[in-house]
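# requesting a structural model of the entry that follows:
(4 chains)
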There are 2 protein chains.
Amino acid sequence: MAEPNVLDVPWGPRAVTIYDVARHAGVAPSTVSRAFSRPGRVNAATAERIRRVADELGYRANPVARALSTARTNMIAVIILDIANPFYAEIVRGAQAAAAAAGYTVVLADAQESDRLERSALERAVTAVDGIVLASSRMSDSAIRMISKQKPVVVLNRAVVDVPCLVTDNARGARHAAEHLGALGHEHVTYVAGPEASWADGMRWWSLREAAAQLSLRVRRIGPFTPDVRGGVQAAEQFQAQPTSAVVAYNDQLAIGLIRGLAGRGIRVPGDVSVVGFDNIAAANLVTPGLTTVAAPLYTQGVTAARHVLGMIEGGRGRTGQPGVLPVRLVVRDSTAERHRDVRQRRRGPALAASPLAL
Amino acid sequence: MAEPNVLDVPWGPRAVTIYDVARHAGVAPSTVSRAFSRPGRVNAATAERIRRVADELGYRANPVARALSTARTNMIAVIILDIANPFYAEIVRGAQAAAAAAGYTVVLADAQESDRLERSALERAVTAVDGIVLASSRMSDSAIRMISKQKPVVVLNRAVVDVPCLVTDNARGARHAAEHLGALGHEHVTYVAGPEASWADGMRWWSLREAAAQLSLRVRRIGPFTPDVRGGVQAAEQFQAQPTSAVVAYNDQLAIGLIRGLAGRGIRVPGDVSVVGFDNIAAANLVTPGLTTVAAPLYTQGVTAARHVLGMIEGGRGRTGQPGVLPVRLVVRDSTAERHRDVRQRRRGPALAASPLAL
DNA sequence: CAATTCACGGCAACCGATTGCCTCACCGAT
DNA sequence: ATCGGTGAGGCAATCGGTTGCCGTGAATTG
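Next comes the predicted model:
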């Protein structure tokens, strides 16, 4: 009778609050609140009764109200550039696991590779969450520093002065790639570059160059290309103009696209050209040939980043000194092989034959 | 002097509120609030002054406080089963675009294929967002109905009575696949099943069966398998015991894994076996051979779902009658071909030769 | 036995924005 | 001169928890 007909109301009667519970349990609202959030503060029997009443009424704390008074939302944002990029999946998983363990929820925001969208996502996030993991960003260093002044921020795969960062060991990765190719007899390596705004791209190219110099390999760079399969196909066209027997690509998508593009031009991998990628995305093991690539501990990176943010939320400022560096390893699959001088091997390679370069 | 040293405070002094703005502008807080949210309600000159002061002070409305009094968070949750599953990427993109257009933010929650995690994600979401898009779910119908009583919910790729749903035309998709295979001369099709809890799996198998009957094809079913590449590799083993010349897989990952697994056993696709997948994930076009698959308008599905949820939030209940059905199309690539009776074609197929079935 | 501590629960003031209602000033119209 | 209308702004309640402080009765202590 006093109960309104549930079917009439759009989405149920207004949710039950601590006030409802308090009334039914014959206590003050504050006691209800403490019964849940301050164990030991209220008498065990009372707490039990409150909990029972709350259960019967179907009470759920309103996180918005809680957030307003505590200034804690118990959420951290993970901002990724592109949800379609499998690279982020493991990072997100790791962050989610670490956050959940600490009672936090991860909200994911996808910037869709757009500076503008990233900004607006951040704009909202900064006021709505307790901390932020920027899993690679296209924004300027100073913009990131700005955000970092307002909320705990950890930046991934990029070094920003005065902001806690967590990067993978691109230098060592590039070195591994160079050594691997060198050991296979390659003497000339092309680097297929990703976005100019990418910090990782700079690191990878620079380190590859460095390593190549030490190993007496010659390197050159083509690009930039958009870091997806399409970009790789485009790269193939440009590569063909001046081919080399070995390629290191900014990431796996580029590498995969490149291999596709080469195949379309009758250039075989690894028969004619060896290709190394970066990131070890799931697809790297799906394509034919399997892609040799530099793998980073992505899950661990996610966990570490989230823990760090959480630490900054609870504690004080984070270490903003040197960026944390995560180890990498080279996963050797079938896209790299010994260099072949033997031209007979190339069955359908007129374009290559026309090239002045000896592969 | 009165200003505390910014460097001393963990994350800036307490954010500036409408009260600060009001004081500096010499008006009441309510006027500040209206200046922003109720255009025309305050004098243009006053509004302008308030806006200027707010800018100078760096005022940003606190979404939590706003949400508390309006009972609107302006967020919708999109819950996906597995962030690593590329299938969801386009859906999320579409939902995000539609939400953004309406001034809403999408928060993504990844259930990691776990009923428990999905539940807890939902548990939190239900109180923290205005509406929910369940992009496929492993929960029970009744649990979903429960949630749907509390907040606007739209379910994707699954039909739940009394809850607004949006599915792709699995029946037609299965028919297309069957017709395509039939036209290529295949007479016996194996369905490689996905999770039993998947509504889509049931639909696909059932419809395939139906279509096959009409086309006088014989079908059988193996599985269930986990809907990832690994599952597909396992399926290959089981398939080999009783091979057929054509296969329809629950989704692309399974199809890709199956092709891998078959290749490892010397069975070639499409030479020996034709394979059709579902979903048309990005990788379907990356693998070799390119995967023939049933494609659905995923982006559109995301847009539609979000619009629907938004409509329910603003308006009343949603239509819960028949589920909306989105059209599909068959993308023919290289994993399907004419059936070969010719055994010479199989160079390394002893296992197949041992089979009693004529392919 | 008096003094003090302690456990337990209630009161009420927040958190920051929104909004219904009221007041006041000023307008033209009667 | 009076009245109704209207534009502009302020007051204060409200959303639902949280938490500092206080009061009470009981237990502990010297």
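# if I look at the residue of the stretch 51-200 of chain A found nearest DNA strand C, how far off is DNA strand D?
The stretch 51-200 of chain A approaches DNA strand C most closely through residue A:69 (3.2 Å), counting by CB to the nearest atom of the strand. For the C-beta atoms, the positions are set from N, CA and C on the backbone; glycine is no exception. According to CB to the nearest atom of the strand, to the nearest Å, residue A:69 and DNA strand D sit 3 Å apart.
# what's the burial count for that residue?
Neighbour count for residue A:69, taken as other CB atoms under 10 Å in any protein chain shown: 10.
# so it: helix, strand or coil?
Classification of residue A:69 using DSSP: H, G, I helix; E, B strand; the rest coil returns helix.
# next one: residue A:19
Following three-state DSSP, residue A:19 is assigned to helix.
# number of nearby residues for residue A:304?
Residue A:304 has 21 neighbours, counted by other CB under 10 Å.
# any idea which element it lies in?
Per DSSP states H and E: residue A:304 is located in helix A:298-314.
# next SSE downstream of that helix?
Per DSSP H and E, the first helix or strand lying C-terminal to helix A:298-314 is strand A:324-326.
# next, the buried residues of that next one.
Neighbour counts over strand A:324-326 (16 or more other CB atoms under 10 Å in any protein chain shown) mark A:324, A:326 as buried.
# again, but for stretch A:277-286
Neighbour-count burial for stretch A:277-286, with 16+ other CB under 10 Å as criterion, is recorded at A:277-284, A:286.
# for stretch A:48-58, same thing?
Applying 16+ other CB under 10 Å to stretch A:48-58 flags A:49-51, A:53-54, A:57 as buried.
# stretch A:200-210 now?
Buried positions in stretch A:200-210, judged by neighbour count with 16+ other CB under 10 Å: A:200-201, A:203-205, A:207-209.
# does the helix holding residue A:304 reach DNA strand D?
No. Using CB under 7 Å from any atom of the strand, helix A:298-314 stays clear of DNA strand D, coming no nearer than 13.3 Å.
# list of residues touching that helix?
The contact list for helix A:298-314 (CB atoms under 8 Å, 6 or more residues apart in numbering or on different chains) reads A:72, A:76, A:78, A:87, A:89-99, A:102, A:104, A:106, A:130-133, A:135, A:152-154, A:156, A:164, A:166, A:168, A:279, A:318, A:324, A:326.
# average pLDDT for it?
Across helix A:298-314, the average pLDDT comes to 93.
# how far away from the center of its chain is that helix?
Chain-centre distance of helix A:298-314: 13 Å, with CA atoms, centre = their mean, to the nearest Å.
# kindly export it (C-alpha atoms) in CSV.
What follows is helix A:298-314, C-alpha atoms only, in CSV (Å, rounded to 0.1, in the frame of the first residue of the first chain):
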residue,chain,number,x,y,z
LEU,A,298,53.2,-5.4,-20.8
TYR,A,299,51.1,-6.9,-18.0
THR,A,300,53.8,-6.1,-15.5
GLN,A,301,54.0,-2.6,-16.9
GLY,A,302,50.3,-2.2,-16.2
VAL,A,303,50.5,-3.5,-12.7
THR,A,304,53.5,-1.3,-11.9
ALA,A,305,51.9,1.8,-13.3
ALA,A,306,48.7,1.3,-11.4
ARG,A,307,50.5,0.5,-8.2
HIS,A,308,52.5,3.6,-8.6
VAL,A,309,49.5,5.8,-9.1
LEU,A,310,47.8,4.2,-6.2
GLY,A,311,50.8,4.9,-4.1
MET,A,312,50.8,8.5,-5.1
ILE,A,313,47.1,8.7,-4.2
GLU,A,314,47.6,7.3,-0.7
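# show me what from chain A comes close to DNA strand D.
By the criterion of CB under 7 Å from any atom of the strand, the positions of chain A lying close to DNA strand D are A:14-15, A:17-19, A:29-30, A:33-34, A:36-38, A:59-62, A:65-66, A:68-70.
# where do the strands sit along the stretch 151-300 of chain A?
Taking DSSP state E, counting those that start in this stretch, the strands of the stretch 151-300 of chain A run over residues A:153-156, A:165-168, A:188-192, A:218-222, A:246-249, A:274-279, A:292-295.
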